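In: one predicted model, sequence on top.
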Amino acid sequence: MKRFLVGICSLFFLLGAGTKAVSADDDKKIVDKRDAQGRTADEEARRQATREAIRRAVRGGQVAPKTVHEKTYQSIRHEQIGQYVGSWVKLETYFGRKVEGTLKRVKGDIIYVDEHVAQGSASYPINKTKISGLKVLK
């Protein structure tokens, strides 16, 4: 709770220190370069410093930068499907049915996919020869 309060106090302090007072002589039109969200580079630097200060206050110490690896769906061949058991898959059959879910197992020419539906999940056995498109989240 103490760390939370320190973080909130730091936030208010940094936000208060970052505001600018405008005097009556500054009625001139000021042109500055702004990004797509309407912020200048200086404002964005202050926002980033505020975020870092809050993270340090809440976590207590230095914050290690996180490396984020974006996962994407990649097409694979039918022969490779056995090595992706437990992965999230998208597939389309030759009949036009699209199934998206977790690959549970592969048994011969049949693959079993658990599709997540409103009330739980449904397991579908699908013949490999009936699949027209197969993608795995990597």
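Out: That came through, no problem.
In: only the buried residues of the lengthiest helix in the chain, if you could.
Out: Counting residues, the longest helix found in the chain (DSSP state H) is helix 41-59. For helix 41-59, the neighbour count (16 or more other CB atoms under 10 Å) marks 46, 50, 53-54, 57 as buried. C-beta coordinates here come from the backbone N, C-alpha and C atoms, glycine included.
In: which is the succeeding secondary structure element to it?
Out: Using DSSP states H and E, the helix or strand that follows helix 41-59 in sequence is strand 73-75.
In: could you point out which element follows that following strand?
Out: strand 88-93.
In: CA atoms of that following strand as PDB?
Out: C-alpha atoms of strand 88-93 as PDB (Å, rounded to 0.1, in the frame of the first residue of the first chain):
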ATOM      1  CA  TRP A  88      -3.300 -22.200 -31.300                       C
ATOM      2  CA  VAL A  89      -4.300 -23.000 -34.900                       C
ATOM      3  CA  LYS A  90      -6.500 -21.600 -37.600                       C
ATOM      4  CA  LEU A  91      -7.700 -23.900 -40.400                       C
ATOM      5  CA  GLU A  92     -10.200 -23.900 -43.200                       C
ATOM      6  CA  THR A  93     -11.700 -27.000 -44.800                       C
END
